[in-house]
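[1] what shape does this take:
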Amino acid sequence: MAQKPMDKKVFDGIFGRFSGIRFVHYACGDMHRMGELKKMDALKDIVIATPVGAIGVYDREGGSSHVFSIHSTKEDMGDFAQKAERADLEYEMLNSFYSYVLQCPEDTLFMHWNMDSDTYGFEAIARRYTQLGGSPVPIPKEMRLNMREFIMAASAEGIYAILAELMTTNNLFKEEMLFGEAESKALEAEKYEAVHRSIAAKIDSIQRLFELFIEGKLVYDMWYM
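    As a prediction, the model looks like this:
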């Protein structure tokens with residue numbers, strides 16, 4: 001099943017006030033393990049942020065993507081990376097990401113896939129950067145849009161969208177993509193290049209899913225359970 005194309009007037013009515021759209025997706029550590037730690041009495045009042053391994057951004061207007069990752073940070077640092085701690089690499093990666101955000105126009109829309117919870121999303125990334133000693137650049141909630149909720153709300157039929165299934169159904173799934181526990185385990189095992197490649201593949205496919213939806217070409221089952 002596929003949607004009808006979105007009318008240009010409808011599209012402009014929703015997105016016309018933004019100067020551009022940036023798609024954002026990222027990989028982090030095991031959120032479930034962090035949740036278990038929070039249950040411990042000694043840690044119940046401590047806000048824990050999971051480590052970040054990579055953040056992918058796709059510039060819709062520019063037609064290009066960029067991945068801020070521990071892997072690319074190590075490559076940029078060259079020989080100095082051998083002496084750097086993982087936290088130092090993560091700090092430099094997040095510093096580069098927020099430098100990018102700072103350069104975006106104030107009316108940029110950041111579109112994401114479910115990055116709006118306390119444990120996974122913009123707040124979690126900002127919290128992690130703060131814990132590492134950085135000062136995150138605020139991304140106001142009104143400048144964010146959950147693409148999953150947008151697709152579900154804009155669909156005439158009921159659709160419960162799961163990212164991996166949508167990618168598979170629309171021939172956008174790539175073998176380098178890692179999801180859930182596989183991605184967090186790769187990060188914990190310091191397989192930074194695999195995490196980088198996963199996010200690079202996913203951010204491109206997320207952007208393409210949006211274009212397919214706007215064009216009325218997104219294929220999906222009535223309900224993804």
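[2] going by C-alpha atoms from here, please, whenever you check contacts or count neighbours.
    Noted.
[3] grab the longest helix from this protein for me.
    helix 192-215 (DSSP state H).
[4] so which elements touch that one?
    strand 20-28, strand 52-59, strand 64-69, helix 70-77, helix 163-169, helix 181-188 (3 or more C-alpha pairs under 8 Å, 6 or more residues apart in numbering; DSSP states H and E).
[5] low-confidence stretches in this structure?
    1-3, 31-48, 156-161, 221-225 (pLDDT under 70).
[6] can you tell me which residue is spatially central in it?
    residue 25 (1.2 Å; C-alpha atoms, centre = their mean).
[7] correct me if wrong: that one contacts residue 114.
    No. Contact criterion C-alpha atoms under 8 Å: residue 25 and residue 114 do not qualify, at 9.1 Å.
[8] returning to what we had before: list of residues touching the longest helix of the chain?
    Helix 192-215 is contacted from outside by 3-6, 23-27, 53-58, 60, 65-67, 69-72, 147, 151, 166-167, 170, 172-174, 176-178, 183, 186-187, 218, using C-alpha atoms under 8 Å, 6 or more residues apart in numbering.
[9] distance from the chain centre to it, please.
    Computed by C-alpha atoms, centre = their mean, to the nearest Å, the chain-centroid distance of helix 192-215 equals 9 Å.
[10] output that helix as PDB, restricted to C-alpha atoms.
    Output of helix 192-215 as PDB, limited to C-alpha atoms (Å, rounded to 0.1, in the frame of the first residue of the first chain):
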ATOM      1  CA  TYR A 192      33.600   2.400  15.600                       C
ATOM      2  CA  GLU A 193      33.800   2.100  11.800                       C
ATOM      3  CA  ALA A 194      30.800  -0.300  11.800                       C
ATOM      4  CA  VAL A 195      28.800   2.200  13.900                       C
ATOM      5  CA  HIS A 196      29.800   5.000  11.500                       C
ATOM      6  CA  ARG A 197      28.800   3.000   8.400                       C
ATOM      7  CA  SER A 198      25.500   2.000  10.000                       C
ATOM      8  CA  ILE A 199      24.500   5.600  10.800                       C
ATOM      9  CA  ALA A 200      25.700   6.800   7.300                       C
ATOM     10  CA  ALA A 201      23.500   4.200   5.700                       C
ATOM     11  CA  LYS A 202      20.500   4.900   7.900                       C
ATOM     12  CA  ILE A 203      20.500   8.700   7.600                       C
ATOM     13  CA  ASP A 204      20.500   8.500   3.800                       C
ATOM     14  CA  SER A 205      17.600   6.000   3.900                       C
ATOM     15  CA  ILE A 206      15.600   8.000   6.400                       C
ATOM     16  CA  GLN A 207      15.800  11.000   4.100                       C
ATOM     17  CA  ARG A 208      14.700   8.800   1.200                       C
ATOM     18  CA  LEU A 209      11.700   7.500   3.200                       C
ATOM     19  CA  PHE A 210      10.600  11.100   3.700                       C
ATOM     20  CA  GLU A 211      10.900  11.900   0.000                       C
ATOM     21  CA  LEU A 212       9.000   8.700  -0.900                       C
ATOM     22  CA  PHE A 213       6.200   9.700   1.500                       C
ATOM     23  CA  ILE A 214       5.900  13.200   0.000                       C
ATOM     24  CA  GLU A 215       5.900  11.800  -3.500                       C
END
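[11] look up how far residue 28 lies from residue 175.
    Distance from residue 175 to residue 28, counting by C-alpha to C-alpha, to the nearest Å: 19 Å.
[12] still on that earlier bit, what are the bridge partners for the nearest residue to the residue nearest to the centre of the chain once chain neighbours are set aside, then?
    Leaving aside its chain neighbours, residue 25 sits nearest to residue 56 (5.3 Å; criterion: C-alpha to C-alpha, 6 or more residues apart in numbering). For residue 56, the beta-bridge partners are residue 25, residue 67 (DSSP bridges).
[13] thank you kindly, that will do.
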